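>>> What would the 3D arrangement of this be:
(chains A and B)
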Amino acid sequence: MKAYFGRRYMLSASHRLHSDALSAEENQATYGKCNNPYGHGHNYVVEVLVGGNVAPETGMVLDLVAMDEVVRTRVLQRFDHTNLNQDPLFTSQVPTTENLCRAVFDLLKDELPAGQLDYVRVEETENNFFQCYAAGAESSGR
Amino acid sequence: MIFLTRRATFSASHYYWNDTWPAEKNQQVFGRCANRNGHGHNYTLEVTVAGEPDAVTGFVVDLKWLKDVIDREVMAAYDHRHLNLEVPEFASINPTTENIAIAAWRRLQPAVTAAGGARLSRVRVYETPDIFAEYRGEA
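Residues are numbered from 1 along each chain as shown, chains lettered A, B, ... in the order given. You can find the predicted model right below:
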């Protein structure tokens, strides 16, 4: 029986939205206050959903402690209390939450049991969030 | 296709234990959740149905009807109960969040199907605001 298990994590980080491909005026027009020179920060919520068979002997899809460890070592330790623009992943792309969401998905997908990662959702504030699905999963009827 | 979700909350106690394992293994695998006196949560249940809005009413389903179905099929059995000791489907399987999502689906599906129109799409159960499981009817 396939079910899904989800967990929400928090990380605090700063970023500045700025593209070297755009002029100063274009950056200002595109990113507005998010382009302010010294950056700003968010309390991000990272929601991770994994899917798999419910093991009859435990009633669980996966070991929550093992999942916490993967997220902690791969994502939280990397990004929490950092400036995202300084991370090597964001030297050639802007640390928008879209790009952060995809980066987190890519960091996790090979560390969790094959095929288990269903989506990563990153909430930048209470009012905006982004989701990145495993290929094809977005058409699964949600 | 519109997806309509109704939320409900219930409070219940549970523990995790596998009778075929020695006590030490239960402690090792389930940790504090294996405390035999149990512990409790405020659960949030989200029930999502999918369908087209009715041409006359504009409803996918009547939300009051869906609330009554959830109350009758799930809340009446789970709210303020000990899931292991008082709910039949958990007599021999652990009331994990995953299994609660599957069990709630099984309780809800006959009534949703019988009503025609919308189909049950997803059942999600939050054990805490940060831990949840969902079932989408997959084998």
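>>> Which SSE is immediately downstream of the longest helix along chain A?
Longest helix in chain A, counting residues (DSSP state H): helix A:97-109. Heading C-terminal from helix A:97-109, the first helix or strand you meet, by DSSP states H and E, is strand A:117-125.
>>> So is that following strand next to chain B?
No - on the criterion CB under 8 Å from any CB of the partner chain, strand A:117-125 is out of touch with chain B, staying 9.4 Å away. Where you see a C-beta, it was placed from the backbone N, CA and C, and this is true even at glycine.
>>> Of all the residues in that strand, which ones are buried?
If you call a residue buried by 16 or more other CB atoms under 10 Å in any protein chain shown, then strand A:117-125 has these buried ones: A:117-124.
>>> Which residues does it contact?
Residues outside strand A:117-125 that contact it (CB atoms under 8 Å, 6 or more residues apart in numbering or on different chains): A:4, A:42, A:44-51, A:97, A:100-101, A:104-105, A:108-109, A:129-134, A:137.
>>> are any of these buried, and which?
Judged by 16+ other CB under 10 Å, buried ones among these: A:4, A:42, A:44-51, A:97, A:100-101, A:104-105, A:108, A:130-134.
>>> What's the local residue count around the residue in chain A that chain B sits nearest to?
Closest to chain B within chain A is residue A:59: 3.5 Å, counting by CB to the nearest CB. By other CB atoms under 10 Å in any protein chain shown, 22 other residues sit near residue A:59.
>>> That one against residue B:101, yeah?
No - counting by CB atoms under 8 Å, residue A:59 does not reach residue B:101; the two are 10.8 Å apart.
>>> Secondary structure class of the residue of chain A positioned farthest from its centre, three-state.
Computed with CA atoms, centre = their mean, the maximum C-alpha offset from the centroid of chain A is found at residue A:57, amounting to 31.5 Å. Put simply, residue A:57 is coil when judged by DSSP: H, G, I helix; E, B strand; the rest coil.
>>> Surely it is in contact with residue B:18?
Yes - here residue A:57 reaches residue B:18: they are 5.6 Å apart, a contact under CB under 8 Å.
>>> Tell me the spacing between the residue minimising distance to the centre of chain A and residue A:21.
Chain A has residue A:101 as the residue nearest its centroid, 3.3 Å off, counting by CA atoms, centre = their mean. Going from residue A:101 to residue A:21 by CB to CB, to the nearest Å gives 21 Å.
>>> ok, now residue B:108?
Distance, residue B:108 to residue A:21, using CB to CB: 51 Å.
>>> Residue A:117 too?
Distance from residue A:117 to residue A:21, by CB to CB: 31 Å.
>>> which residues does residue 48 bridge with?
I'll assume chain A. residue A:7, residue A:120 (DSSP bridges).
>>> hmm, I had chain B in mind actually
Beta-bridge partners of residue B:48, as defined by DSSP bridges: residue B:5, residue B:122.
>>> wait, it sits on residue B:121?
Yes - checked against CB under 8 Å, the pair residue B:48 and residue B:121 is within contact range at 4.6 Å.
>>> quick one: the helices in the chain?
You didn't pick a chain, so chain A it is. Here chain A has its helices, by DSSP H, at A:24-31, A:64-71, A:77-79, A:97-109.
>>> My question was about chain B, not that one.
Under the criterion DSSP H, helices of chain B are mapped to B:23-30, B:63-70, B:76-78, B:83-86, B:97-115.
>>> now the second one: mean pLDDT?
This means helix B:63-70. Mean per-residue pLDDT for helix B:63-70: 97.
>>> isn't residue A:71 right up against residue A:10?
No - counting by CB under 8 Å, residue A:71 stays clear of residue A:10, with 11.0 Å between them.
>>> Between those two, which is the more surrounded one?
Neighbours were counted for residue A:71 and for residue A:10 using other CB under 10 Å; residue A:71 has more, 22 against 12.
>>> Can you name the residues that contact the more buried one?
Residues near residue A:71 by CB under 8 Å, 6+ apart: A:7, A:9, A:46, A:48, A:108.
>>> want to throw those into JSON lines with pLDDT and distance to residue B:78?
Shown next, in JSON lines, are the contacts of residue A:71 (pLDDT from 0 to 100; distance: CB to CB, whole Å):
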{"residue": "A:7", "pLDDT": "97", "distance to residue B:78": "22"}
{"residue": "A:9", "pLDDT": "98", "distance to residue B:78": "28"}
{"residue": "A:46", "pLDDT": "98", "distance to residue B:78": "29"}
{"residue": "A:48", "pLDDT": "98", "distance to residue B:78": "26"}
{"residue": "A:108", "pLDDT": "97", "distance to residue B:78": "32"}
